[in-house]
Structures are given as structure tokens and as C-alpha cells.
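[1] I'd like to go over a predicted model; first the sequence, then the structure.
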Amino acid sequence: MAVESVDAVVIGAGPNGLVAANLLAQEGWDVLVLEAASEPGGAVRTAEIAAPGFRSDRCSAFYPLGAASPVIRGLGLEAHGLRWRRAPDVLAHLLPGGRAAVLSQDLDRTAASLDAFAAGDGDAWRAEFATWRRLREPLLEALLRPFPPVRAGARLVGALGPGDALRFVRTAAMSARRLTDERFTGEGARVLLSGNAAHSGLGPDESASALFGWLLSMIGQDTGFPVPEGGAASLTTALVARLASHGGRLHCDRPAAAVLHARGVAVGVRDGGGGLIRARRAVLADVSAPHLYRDLVGTEHLPARFAADLDAFEWDPATLKVDWALSGPVPWRAEGAAGAGTVHLGADLAGLSAHGADLAAGRDPEKYFLLAGQMTTTDPTRSPAGTETLWAYTRLPRGLDWSRDALMRRVDVVERTIEEHAPGFGDLVVGRAVSGPPELEALDRNLAEGAINGGTAAIHQQLVFRPAVGLGRADTVLDRLYLAGASAHPGGAVHGAPGANAARAALARNGMAGAWYRAAVDRLHHWLYDETGSGAT
């Protein structure tokens with residue numbers, strides 16, 4: 001059997017895999033991307049699943065971090081057909097009694113909405129946004145670039161000063177509830193920040209939920225929650241087109257079966273049909289950490305301490321998502337919800353805490369907190385004029401009964417929740433598609449039981465603890481093998497950072513100082529995983 005030979009094999013054509021492939025191909029590398037599915041994109045795909053003419057995003061839909069990310073912005077995807085669209089308002093969080101807290105790119109509108117809940121909260125929000133504008137660029141660089149972010153960290157301290165930098169670190173480690181207790185009075189600002197924290201899978205009482213809630217809220221205020229015109233798949237299409245323009249190749253329906261390695265060095269990939277591909281420079285894996293290390297490499301080839309640490313890997317909660325085709329706009333009770341691209345409903349701050357507690361305890365919540373997307377409101381190309389393409393999802397504990405009957409009982413809870421806030425909603429439904437954890441995992445193996453963030457975003461599995469105790473970098477214990485998926489630092493969301501960090505590591509390893517680079521990585525790995533526990537060499 002003939003052996004193919006390329007500079008780099010990228011396993012997985014999700015957004016991180018495609019970002020990694022693009023960055024290597026633009027440096028002149030011969031790159032081959034292997035994708036198990038019949039189309040690229042992973043969780044970034046679009047299809048008419050609810051009804052003909054209604055384009056639904058299969059998983060991810062809004063891309064605040066994508067549009068703000070220096071990685072995605074640096075690719076210039078607009079030259080390859082990407083166009084961002086935005087709703088009139090960014091987000092509305094619905095509360096009992098028909099009230100809504102509205103986040104808008106118009107700062108005055110956001111402030112007025114928050115002042116309606118508590119006078120002074122609008123000015124407090126303005127103060128947070130002023131802080132964001134001071135530190136936006138160095139903060140995004142620090143969060144999304146390889147760890148440790150030495151240069152970006154220095155710029156961040158320079159932007160804030162040492163004292164305020166320490167205060168910001170304290171803020172980042174807080175729970176969202178504590179942050180809002182300290183800085184706001186009314187329910188409106190509190191649910192906006194805490195509801196945005198829930199996008200990470202964290203409840204408002206968990207450490208570091210403040211950082212996620214604050215970051216999404218400030219990006220929303222700044223650049224909105226944009227979507228690709230025509231569907232999430234348009235982002236994938238642009239990434240594939242850019243890759244092709246640099247000579248990169250993509251093979252769909254071609255899964256990777258194993259990472260080939262010899263004497264501690266990754267040398268290639270065996271595909272599902274037994275075909276062999278030699279990787280002269282690197283193998284990059286846009287897959288989950290458990291799949292890479294257990295299935296594609298084999299834990300018997302890993303240091304025992306690392307394999308034991310990997311056993312503690314924690315997935316984020318499961319996900320239930322429903323897509324609807326509606327004959328008209330959603331009849332929301334709350335003023336301000338009609339023009340919002342993203343809608344949070346089903347929980348006030350106490351409800352968010354209760355939902356988070358149920359997830360932590362493994363209980364199926366009696367009441368669901370929903371995150372919904374009005375896609376035609378945001379991008380009119382998604383469905384015929386006068387109609388709406390809508391989705392909603394909720395996070396649920398892992399390991400529940402996901403049989404069809406149990407799933408549909410949960411869908412009833414989702415639809416009753418929407419009906420409470422939008423009487424007559426059910427009468428507008430002309431089509432529906434249900435994606436429970438099994439369906440999401442079948443769509444993309446990385447979405448294990450509907451885990452959409454590649455592993456928990458809790459602080460114990462971030463930075464040097466992601467995906468397990470290590471360096472917080474894409475480098476693995478095998479030379480020339482790099483983890484490029486959301487299980488790697490900095491984690492989930494479509495910002496391209498794990499893929500970009502893996503590509504940069506591969507370029508560094510193959511650069512003029514490559515031997516020194518790998519020697520340093522090996523020494524650190526030996527120190528971390530030495531069987532004696534002494535770190536001695």
C-alpha cells in the first residue's frame with residue numbers, strides 16, 4: 001500500500017482544525033485535513049432541519065468571541081465570502097412579570113434598561129465598559145494566545161497599572177453573583193452578567209463565572225453577538241476556501257483511526273480504511289483530549305501519571321437543543337425581546353443558581369433556564385420574509401435517561417417555558433427538530449453527550465489544568481503531536497485559539513530553535529510526570 005506524505009496532518013475539520021490548517025498552509029506547509037463526517041465544520045454547520053426554507057444552525061450560532069478574536073480577525077475571512085450580521089439588539093434576559101433587561105450595542109439603551117431596574121446601575125455598567133475599552137486588546141491576547149501570556153500580560157498590567165491589575169485578577173476569580181453583588185443593585189444587570197456566564201456551563205455561584213459573564217457582556221456591548229450571513233456554515237465555507245487558496249487539502253468521510261508514533265515522536269496517521277499518511281513535521285488533532293489520548297494514541301504509550309490525571313478529565317454538562325420553523329415572529333410579552341438576537345428565559349438570578357445547583361447535583365431541573373436564538377431577526381436570509389427561525393437549548397446533567405420518550409418530556413418543558421413568555425408561540429410552529437445529547441454526539445464526536453465546550457470551564461480545568469495537569473499548551477507528551485481542539489487551553493467557543501496555538505507550537509518546533517524548544521518541553525513534561533514524584537531528571 002502506498003504511503004502518502006505531507007508536512008502536517010490535521011485530524012478534524014472543525015473550526016479549530018481549519019484554523020490550524022490555514023495557519024500552517026499560509027507558511028508554505030503541505031497540509032492535509034482528515035474529517036470523519038461527510039462535510040466539514042464539526043459543530044459549525046447549517047441545514048434545513050426544522051422545515052424547508054428555514055436554515056438552522058446545527059450547534060453553535062452566535063459568535064461574539066469569533067468576531068472579537070484576534071485569531072479569526074487575522075485570517076481575513078471576509079475576502080473569502082464571510083459576512084457578519086447583527087440583530088437590532090444583542091440580548092434580552094426575560095424576567096417574571098413581562099420585564100426584560102436588554103443588552104444593546106447602543107450604550108445609552110443598555111444603561112436605560114438597567115436603570116429601569118435600579119437607578120445608578122446604568123452608570124455602573126458604563127464604568128465596566130470603560131474598563132473593557134482600556135484593556136480589550138491585551139486581555140483578548142492574554143486569554144486566547146498560548147500560555148503563559150507573557151507579552152500580553154505585561155501589556156495588560158501596563159493598561160491597568162499593578163494595583164488595578166490585581167483587582168482585575170480578583171474579579172476574574174469571583175463568582176458572577178459576587179461580582180454583581182459588589183457592583184450593581186438591580187436584577188437587570190445581575191441577570192445579564194449571570195446569564196452570560198451560563199454560556200460557559202457555569203452557574204452564577206461558581207468561581208470564575210464572573211470572568212465569563214463579564215467578558216461576554218462587554219463583547220456584546222462592544223461588537224454585539226454577530227452571526228455569519230446565511231448560516232454558521234458560511235464561517236466553515238470561508239475557512240475551507242481560504243485553506244484551498246493556500247494549497248491545503250480537505251478529505252471528508254475519512255476518519256483517523258490512529259496516530260502513528262515511534263520512539264516518542266508522532267510520525268503520521270492511519271485512516272479508517274487502513275491508509276497510511278506520513279507527517280513529516282506535525283500531527284494536529286482537533287478532537288477531544290480523551291479521544292486523542294485513549295483512542296488515537298493509547299494510554300499505554302503515555303506516562304502513567306499523565307494517564308491517571310486524564311482519568312479526572314471532567315466534561316461540561318449535557319445539552320438539549322430544539323429548532324423551530326415559525327410562521328411569524330415570536331409573540332414575546334416583554335418589550336425589548338422582539339429585536340434581540342439572543343434571548344435568555346426561564347430563570348431570574350435565584351433560578352440561575354437553582355439550575356446550576358441541579359447540574360452540580362446531577363438532578364434533572366424542574367425548571368429549565370433556556371438560551372434562545374432568533375436567527376431570522378438577526379439574519380433575514382435564514383427564512384422567508386415574515387417568518388422566524390428559532391432555536392433554544394438548555395444544559396442538563398450528564399447520564400440522564402436520553403430515551404426518546406424521556407427526551408420529548410423535556411422538550412415539553414422547553415416549549416411550556418417559551419409559551420409562558422410568549423403566549424401563542426405554539427400556534428406558529430410549522431416545523432421542529434429535536435437534538436438531544438445522543439443526536440449532538442452523532443453529529444460531532446467531540447460533543448460527547450452534548451458537551452459543547454470540550455470539557456468543563458470550571459477553574460480546576462483551566463490554564464495549566466486543561467485538559468489535565470500540564471503546561472497549558474498545545475504540545476503533548478509525544479513530540480510533533482499537538483492538541484488543537486476545545487479540550488486544550490483556552491477552551492470552548494468558536495474563537496480559533498486552540499487551533500492557532502497548536503499551529504504556532506508546530507511552527508516553533510520546526511523553526512530554527514526547534515530542538516531547544518522541544519528539549520524545554522520534554523524537560524517540563526518529565527518534571528510533571530516523573531514516576532518518583534520528585535521531578536528529578
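    Good, I have the coordinates. No experiment lies behind these values; they were computed from the predicted model shown. Numbers count the residues shown, from 1 in each chain.
[2] Quick one: residues contacting residue 271.
    34, 254, 255, 256, 257, 277 (CB atoms under 8 Å, 6 or more residues apart in numbering). All C-beta atoms are positioned from the backbone trio N, CA, C, and that covers glycine.
[3] So for the longest helix seen in the chain, mean pLDDT?
    Using DSSP state H, we find that the single longest helix of the chain is helix 121-144. Averaging pLDDT along helix 121-144 gives 95.
[4] what comes up buried for it?
    The neighbour-count check on helix 121-144 (16 or more other CB atoms under 10 Å) flags 121-122, 124-125, 128-129, 131-132, 135-136, 138-144 as buried.
[5] Give me the contacts around it.
    With CB under 8 Å, 6+ apart, helix 121-144 has contacts from 68-71, 107, 110-115, 149, 151-153, 155-156, 158-160, 168, 183-186, 188-189, 214-215, 217-218, 221-222, 490, 495, 497, 500.
[6] swap in stretch 304-317?
    Residues contacting stretch 304-317 (CB under 8 Å, 6+ apart): 201, 289-290, 293-294, 299, 302, 359, 395-398, 448-458, 460-461, 467-470, 477, 487, 492, 528-531.
[7] just checking, residue 280 is part of a strand?
    Yes - Residue 280: assigned to a strand according to DSSP: H, G, I helix; E, B strand; the rest coil.
[8] Leaving out the residues flanking it, which one is nearest to it?
    residue 7 (5.2 Å; CB to CB, 6 or more residues apart in numbering).
[9] Same question for residue 522.
    residue 479 (7.5 Å).
[10] ok, the one you found - contacts?
    The contact partners of residue 479, by CB under 8 Å, 6+ apart, come to 264, 265, 266, 509, 518, 522.
[11] Would you mind measuring from it to residue 471?
    14 Å (CB to CB, to the nearest Å).
[12] so is residue 391 in a helix, a strand, or just coil?
    strand.
[13] what is it paired to in the beta sheet?
    residue 323, residue 373 (DSSP bridges).
[14] And for residue 250?
    Beta-bridge pairing of residue 250 under DSSP bridges involves residue 33.
[15] That one against residue 40, yeah?
    Yes - counting by CB atoms under 8 Å, residue 40 is a contact partner of residue 250 at 6.1 Å.
[16] ok, those two, which is more surrounded?
    Each of residue 250 and residue 40 has its neighbours counted (other CB atoms under 10 Å); residue 40 has more, 24 against 21.
[17] And the strands in the stretch 51-200 of the chain, which stretches?
    Secondary structure of the stretch 51-200 of the chain (DSSP state E, counting those that start in this stretch): strands at 56-57, 84-85, 89-95, 99-103.
[18] Any buried residues in the third one, and which?
    Put plainly, it is strand 89-95. The neighbour-count check on strand 89-95 (16+ other CB under 10 Å) flags 89, 90, 91, 92, 93, 94, 95 as buried.
[19] List the residues that contact the fourth one.
    With contact taken as CB under 8 Å, 6+ apart, residue 92 is in contact with 100, 101, 102, 103, 334, 336, 337, 340, 342, 343, 344.
[20] Show me which parts of the helix or strand bottoming out on mean pLDDT in the chain are buried, residue by residue.
    One helix or strand of the chain scores below all others by mean pLDDT, DSSP states H and E: helix 150-160, with a mean of 88. In terms of neighbour count (16+ other CB under 10 Å), helix 150-160 has its buried residues at 152, 153, 155, 156, 157, 159, 160.
[21] ok, now which ones touch the second one?
    Residues in contact with residue 153 (CB under 8 Å, 6+ apart) are 138, 142.
[22] number of nearby residues for the closest residue to residue 185 other than its chain neighbours?
    Excluding the flanking residues, the one nearest residue 185 by CB to CB, 6+ apart is residue 118, at 3.9 Å. Neighbour count of residue 118, defined by other CB under 10 Å: 16.
[23] Distance of residue 118 relative to residue 55?
    Distance, residue 118 to residue 55, using CB to CB: 40 Å.
[24] Repeat that for residue 489.
    In terms of CB to CB, residue 489 sits 33 Å off from residue 55.
[25] Could you do residue 34 as well?
    Counting by CB to CB - residue 34 and residue 55 are separated by 27 Å.
[26] Compare neighbour counts for these two and give me the winner.
    The residue with more neighbours, out of residue 34 and residue 55, is residue 34; 26 against 23, by other CB under 10 Å.
[27] How about the contacts made by the residue nearest to residue 144 when sequence neighbours are not counted?
    Spatial nearest neighbour of residue 144, excluding adjacent residues (CB to CB, 6+ apart): residue 497 at 4.0 Å. Residue 497 is in contact with 16, 69, 71, 143, 144, 145, 489, 490, counting by CB under 8 Å, 6+ apart.
[28] Next one: residue 497, what pLDDT does it get?
    Per the predicted model, pLDDT is 96 at residue 497.
[29] Equivalent analysis for residue 212, please.
    On the pLDDT scale, residue 212 gets 96.
[30] What lies in contact with the strand or helix carrying it?
    Secondary structure from DSSP states H and E places residue 212 in helix 209-223. The contact list for helix 209-223 (CB under 8 Å, 6+ apart) reads 64-65, 67-68, 90-91, 103-105, 107, 110, 125, 128-129, 132-133, 136, 143, 171-179, 192-200, 202-204, 457.
[31] Just the CA atoms of it, as PDB, please.
    Presented in PDB, the C-alpha positions along helix 209-223 are these (Å, rounded to 0.1, in the frame of the first residue of the first chain):
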ATOM      1  CA  SER A 209     -18.100  32.600  36.300                       C
ATOM      2  CA  ALA A 210     -17.700  36.400  36.800                       C
ATOM      3  CA  LEU A 211     -15.000  36.400  34.100                       C
ATOM      4  CA  PHE A 212     -17.100  34.600  31.600                       C
ATOM      5  CA  GLY A 213     -20.200  36.700  32.300                       C
ATOM      6  CA  TRP A 214     -18.300  40.000  32.300                       C
ATOM      7  CA  LEU A 215     -16.300  39.100  29.100                       C
ATOM      8  CA  LEU A 216     -19.400  38.100  27.100                       C
ATOM      9  CA  SER A 217     -21.400  41.100  28.300                       C
ATOM     10  CA  MET A 218     -18.600  43.600  27.400                       C
ATOM     11  CA  ILE A 219     -18.000  42.000  24.000                       C
ATOM     12  CA  GLY A 220     -21.800  42.100  23.400                       C
ATOM     13  CA  GLN A 221     -21.800  45.800  24.300                       C
ATOM     14  CA  ASP A 222     -18.800  46.400  22.100                       C
ATOM     15  CA  THR A 223     -19.300  44.300  18.900                       C
END
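[32] got the angle between it and helix 121-144?
    100 degrees (axes from the mean of the first three to the mean of the last three CA atoms, to 10 degrees).
[33] on that earlier part again, the residue nearest to residue 280 against residue 278, yeah?
    No - taking contacts as CB under 8 Å, residue 7 lies outside contact range of residue 278: 9.8 Å.
[34] where does the chain dip in pLDDT?
    Scanning the chain for pLDDT under 70 picks out the ranges 1, 531-537.
[35] again, only using 50
    Low-confidence segments of the chain (pLDDT under 50): 533-537.
[36] Domain ranges for it, per the record?
    Recorded structural domains for the chain (assignment: automatic domain parsing) are 3-46+234-314+454-529, 106-223.
[37] If you count contacts, what does the host helix or strand of residue 352 end up packed against?
    Using DSSP H and E, residue 352 falls within helix 349-361. Under the contact criterion of 3 or more CB pairs under 8 Å, 6 or more residues apart in numbering; DSSP states H and E, helix 349-361 touches helix 176-183, helix 187-197, strand 388-396.
[38] picking up where we left off before, who touches both of residue 250 and residue 40?
    13, 33, 240.
[39] Fine, thanks again, bye for now.
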